[in-house]
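S.K.: The sequence isn't on hand, but the structure is:
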């Protein structure tokens, strides 16, 4: 026969322990993992930003050096005479016998250009040159067969904010 206790156990809803959501420990572990991932992403972003800035500085320096060397080559290639008379200056005369020169100022790291057609006055050609080796000139040969090797060195800051140098070298000789 049926007992009242059996009927009650069969048809009565028993209280169940329901567990919805996450425990506090699970949430804290998830937050710590998220923070570690965010720290890694942030570090990577900062490093990429520094590398991009340094590469941008190097590219800008190389563009400046290329432009300055292009102007210098253009003037010196059509020069009648070229003279390296002082440590920081390249003198030349153009086809109309007008003097011109490029002057390197190590203290400022600038090269200025006094063009024969500009009517005097030194115009800034490039700045932020390396203060010790911004303009290096050597020559080989003599007379009209002299070949001048000119190296322009510009300074930039690397990732650790140390000064580095990037350079551009070209050769030039006077017209015959």
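M.R.: Nice, I can see it. No experiment lies behind these values; they were computed from the predicted model shown.
S.K.: now the protein, which segments are flagged as low pLDDT?
M.R.: When residues are selected by pLDDT under 70, those of the chain lie in 1-19, 118-120, 143-144, 175-176.
S.K.: what distance separates the start and the end of stretch 114-123?
M.R.: Taking C-alpha to C-alpha, to the nearest Å, stretch 114-123 runs 6 Å from one end to the other.
S.K.: Could you do stretch 134-153 as well?
M.R.: 5 Å.
S.K.: how about it: buried residues?
M.R.: Residues of stretch 134-153 classed as buried by neighbour count (16 or more other C-beta atoms under 10 Å): 134-135, 137, 146, 148, 150-153. The C-beta positions use only the backbone N, C-alpha and C, and glycine is treated the same way.
S.K.: Would you agree residue 138 is in contact with residue 169?
M.R.: No: if you go by C-beta atoms under 8 Å, residue 138 and residue 169 don't touch, sitting 9.9 Å apart.
S.K.: Which neighbours do those two have in common?
M.R.: Residues touching both residue 138 and residue 169 (C-beta atoms under 8 Å, 6 or more residues apart in numbering) are residue 149.
S.K.: what's the burial count for residue 164?
M.R.: By other C-beta atoms under 10 Å, the residues close to residue 164 number 16.
S.K.: Is it part of a helix or strand, or is it coil?
M.R.: Three-state call for residue 164 (DSSP: H, G, I helix; E, B strand; the rest coil): strand.
S.K.: so how many other residues sit close to the closest residue in space to it that isn't next to it in sequence?
M.R.: Counting by C-beta to C-beta, 6 or more residues apart in numbering, the nearest residue to residue 164 once its immediate chain neighbours are dropped is residue 158, at 4.9 Å. If you count neighbours by other C-beta under 10 Å, residue 158 ends up with 13.
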